[in-house]
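Colleague: Test case, fold it:
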Amino acid sequence: MRTNYYLGRQPIFDLEQRVIGYELLYRSSDVQTTSAGTDGDTATSQVLLNSFWEMGLKKIVGEQLAFVNLTRKFITEEGLIPPASKQLVLEILEDIEIDDEVLSAVARLKAEGYVIALDDFIYHPKLQPLVRMADIIKIDILALSHQKIDEHLFALRKFPLKLLAEKVETPEEFDWCKSRGFDYYQGYFLCKPRLISGRRMPSSRINLLRIMARLQDPELDLRQLEDIISQDVRMGYRLLRYINSAAYITNNKIDSIHHAITCLGEKEIRKWASLLLLTGIDDKPEELVTTSLIRAKMCELLAANDSQLSPATAMLVGMLSTLDAMLDQPLTDLLEDIPLHEDVRQALLDGHGPYAALLEKTLAYEKGAWENIDFDDQEQTSLITIFLRAIEWADEMLAHIHGAADNSTKPRQAY
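Modeller: Numbers count the residues shown, from 1 in each chain. The predicted model follows:
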C-alpha cells in the first residue's frame, strides 16, 4: 500500500523580493505519527524521490533553486542524492554533529558540484572548516537577538558566501535584515501588509477597491457589469485573451465582454474580472500575486469536493485573503467597502462559516503546518495533486497575464 504524503515549498527571495528558489517541505499524510516529528532520513528521501523522479522538479519550483534538507545519513553515504544540478541546494541541518566524517563527506559533495547551505546556523569558531565549504548560510532571526545576529554577520562576512535570513515574518523584519546586509530572505513577510499610520492609500488603489466593490455588488445588472469591465481597457483585454487561450476551454471564440458574459455567465465573469484586477497591481512582488493565485485555485479545487459549496465563492475567499498585503491596509477596513456575501466575510475576518475551513487548510498547506489541520481521507489522497494543479494554474495564469501586458500596445477590438 502506497503511503500518502504532503510536499510543499517556501519561497526564498533576493534583495529586490524576487524569488531565487524554494525550500521543499515534506510530511507524511499520517498526521497521527508525524505530529511529533517525521523521521529525518525518511523525509529527506521522500522529498528527493518525489520531487526529482515522480513529479519532476520543474512542476514544483520551475526554473528556480530547490533547497532540500539533508540528514547525516544522506551526507555521509554515497549514492543517495540525485546527481548535482544547477537547481539543487543541499541544506545541512543544525542538529548534525560536525565531525571528521561529515566534513569529509561535505568536501566530497562540494567537489561534485553541489551547492551547500547550512541551516539554522549558530556560529562557533570550531565550525570554520564547514563554513569555508558553504555557499549559503541561513540564520534564524527569531532564534537570536539583534546583537547576536550582528555578531554572527561580523564573523561570517570574511567568508565568500551568501547570508540568508529565515523566518522573516513581517515587512519591518525584512527592512531590518536588509539593513544588515543579508543577501537572501525566507519567510511570509510578503503576505503581511506594510501598515504606516496616517498614510493615505494611493488613488490608483482606491480606484481598484471601488471597481472591486462594484464587481461584487449583488445589485449590479449584466449591462452595468459589462460597462465596468469595458471601461478598464487593460482588464478587459486580459480577460478576453485568457478566456480565448488554451488554458480556458470554450467552444467558440469569444470576441467581446458581452459575448463572454453570455457564454460563461455572470458569476464566472465576476470571478475572473476580480482576479485579473488584483493581478494588475504593478508595485507588488510577483510572488505575492503567485500566492494569491495558488490560494484562490486551492480553495476552488477543495470546494469542488463538497456539493454544498460554490467553487467560485471559494476562489474569491482565497483570492481576497491577500488583499491586505496587496493594498497595505487592514483587511477589516478594506472589506467594509466591498459588499461581500456573509460567508465570504466570515471566512476572511472571523474564521467561521463553510468556507473558513477551506482557507484554513490552504494556508496550512502553504506553510507546511499540515499537522494543525484535520484532513479527511479523501483530502489526504488528493491534496498533493490539488497543490500541484494550483501551482501549475498560477504559473499558467501569470504567463497569459504577462503575454497580455506584452501585447497591450497592439490594436484592440472595442468591447
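Colleague: which element is residue 388 on?
Modeller: Assigned by DSSP states H and E, residue 388 falls within helix 377-406.
Colleague: Ok, residue 306 next?
Modeller: Per DSSP H and E, there is no helix or strand for residue 306.
Colleague: any idea how far it is from residue 350?
Modeller: Residue 306 sits 20 Å away from residue 350, taking Cβ to Cβ, to the nearest Å as the criterion. (Glycine included, C-beta is placed from N, CA and C.)
Colleague: more neighbours, the two?
Modeller: residue 306 (14 against 9; other Cβ atoms under 10 Å).
Colleague: Identify the residues contacting stretch 109-122?
Modeller: Stretch 109-122 is contacted from outside by 65, 67, 69, 75, 81, 84, 88-94, 106, 130-131, 133-140, 143-144, 152, 164, 166, using Cβ atoms under 8 Å, 6 or more residues apart in numbering.
Colleague: and the helix or strand where residue 210 lies, what other elements does it pack with?
Modeller: Assessed by DSSP H and E, residue 210 sits inside helix 203-216. For helix 203-216, the packing partners by 3 or more Cβ pairs under 8 Å, 6 or more residues apart in numbering; DSSP states H and E come out as helix 222-231, helix 266-279, helix 323-327.
Colleague: I'd like the next helix or strand past the second one.
Modeller: Read that as helix 266-279. The first helix or strand that comes after helix 266-279 along the chain, using DSSP H and E, is helix 286-303.
Colleague: So which elements touch that next one?
Modeller: Judged by 3+ Cβ pairs under 8 Å, 6+ apart, the packing partners of helix 286-303 are helix 266-279, helix 311-320, helix 323-327, helix 356-367, helix 377-406.
Colleague: What residues of the next helix or strand after the third one count as buried?
Modeller: This points to helix 323-327. Using DSSP H and E, the helix or strand that follows helix 323-327 towards the C-terminus is helix 331-336. Buried residues in helix 331-336, counted by 16 or more other Cβ atoms under 10 Å: 331, 334, 335.
Colleague: same question, stretch 255-264
Modeller: Within stretch 255-264, the residues that count as buried by 16+ other Cβ under 10 Å are 257, 258, 259, 260, 261, 264.
Colleague: Quick one: residues contacting the first one.
Modeller: So the one you mean is residue 257. Applying Cβ under 8 Å, 6+ apart, we find residue 257 in contact with 226, 229, 230, 236, 239, 240, 269, 415.
Colleague: what pairs with residue 162 across the strands?
Modeller: Assessed by DSSP bridges, residue 162 has beta-bridge partners residue 136.
Colleague: And it, how far from residue 86?
Modeller: Residue 162 is 15 Å from residue 86, where distance means Cβ to Cβ.
Colleague: Nearest to residue 176 among the helices and strands packed on helix 203-216 would be which one?
Modeller: helix 323-327 (18.5 Å; Cβ to Cβ).
Colleague: who touches that closest one?
Modeller: Helix 323-327 is contacted from outside by 190-193, 201, 205, 208-209, 278, 281, 284, 288, 292, 330-331, 334-335, using Cβ under 8 Å, 6+ apart.
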